[in-house]
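# whatever this is, show me its structure:
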Amino acid sequence: MKRLAAVVAVALMTTACGSDSPTTPSGSGNTGPITFTVQMSAANETPPITNADANGRGTATITFTVPRDSTGAIIGGGTVRFQAQLSGFPGGTVVRNAHIHTGASGIPGAVLVDTLLTPAAPVTLDANGAGSLDLTNSSLQQTDATNIAANPAGYYFNVHTALNPGGAVRGQLVKQ
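Prediction:
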């Protein structure tokens, strides 16, 4: 009887402890959205901006919503949401484009993931040179999401203005 009681006690302890096992995915999750932050400035552009947009700056949060397996590996394409706060620009600045580009700090690169903001439908900053962007692109490719998540410092986000169509403020992605 003592032996049966010991077996039952061990079984109960194993079951109770199993739910707190470090190998069990936690609520913080490695299967939810992937978030990046960006600190942008005109000085980060290549070459640095020295005209009226030179005091431009901003922050961005970029969120990938992609399917992932229990290990956190991206297993398909999804959407990307871009939320940016801009300031320090001349009043009424017209923001024409914003994208994720390939390229380490100081290196210009090709557009990889677009926000879908266009010169035909720009965002105009307020009289104080501030404003926000909240844009979603529903065509994030699995390969792009995987590569960016694996090496966010190899990619940058920048915002283009009418005065600086090649980019006015820029910052490297940082995974959160």
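
# for Tyr156, give me its contacts.
Each residue near Tyr156 by CB atoms under 8 Å, 6 or more residues apart in numbering is listed here: Val38, Asn44, Ile100, His101, Gly103, Ser105, Gly109, Arg170, Gly171, Gln172, Leu173. To be clear about C-beta, it is placed using only N, CA and C from the backbone, and glycine gets the same treatment.

# would JSON lines of these with pLDDT be doable?
Output for the contacts of Tyr156, formatted as JSON lines (pLDDT from 0 to 100):
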{"residue": "Val38", "pLDDT": "98"}
{"residue": "Asn44", "pLDDT": "98"}
{"residue": "Ile100", "pLDDT": "98"}
{"residue": "His101", "pLDDT": "98"}
{"residue": "Gly103", "pLDDT": "97"}
{"residue": "Ser105", "pLDDT": "96"}
{"residue": "Gly109", "pLDDT": "96"}
{"residue": "Arg170", "pLDDT": "98"}
{"residue": "Gly171", "pLDDT": "98"}
{"residue": "Gln172", "pLDDT": "98"}
{"residue": "Leu173", "pLDDT": "98"}
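
# from these, which is closest to Ala60?
Nearest to Ala60, judged by CB to CB, of the contacts of Tyr156 is Val38 at 4.1 Å.

# in this structure that closest one contacts Thr63, no?
No. Val38 lies out of contact with Thr63 (CB atoms under 8 Å); the separation is 11.9 Å.

# show me which of the two is the more surrounded one.
Val38 (25 against 16; other CB atoms under 10 Å).

# so which strand or helix has the more buried one?
strand 34-41 (DSSP states H and E).

# for that strand, name the packing helices and strands.
The contact analysis (3 or more CB pairs under 8 Å, 6 or more residues apart in numbering; DSSP states H and E) places strand 34-41 against strand 57-65, strand 78-87, helix 142-150, strand 155-161, strand 169-172, strand 174-175.

# show me what the first one pairs with in its sheet, parallel or antiparallel.
Within its sheet, strand 57-65 is paired with strand 34-41 (antiparallel), strand 78-87 (antiparallel), according to DSSP bridges.

# contacting residues around Pro48?
Counting by CB under 8 Å, 6+ apart, Pro48 has contacts Ala42, Ala54.

# now do the SS call for it.
coil (DSSP: H, G, I helix; E, B strand; the rest coil).

# contacting residues around stretch 100-113?
44, 46, 62, 80, 99, 137, 140, 144, 148, 153-158, 172-173.

# give the buried subset of those residues as a PyMOL selection command.
The PyMOL selection below is limited to those of the contacts of stretch 100-113 classed as buried (16 or more other CB atoms under 10 Å):
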select buried, resi 44+46+62+80+99+137+140+144+148+154+155+156+157+158+172+173
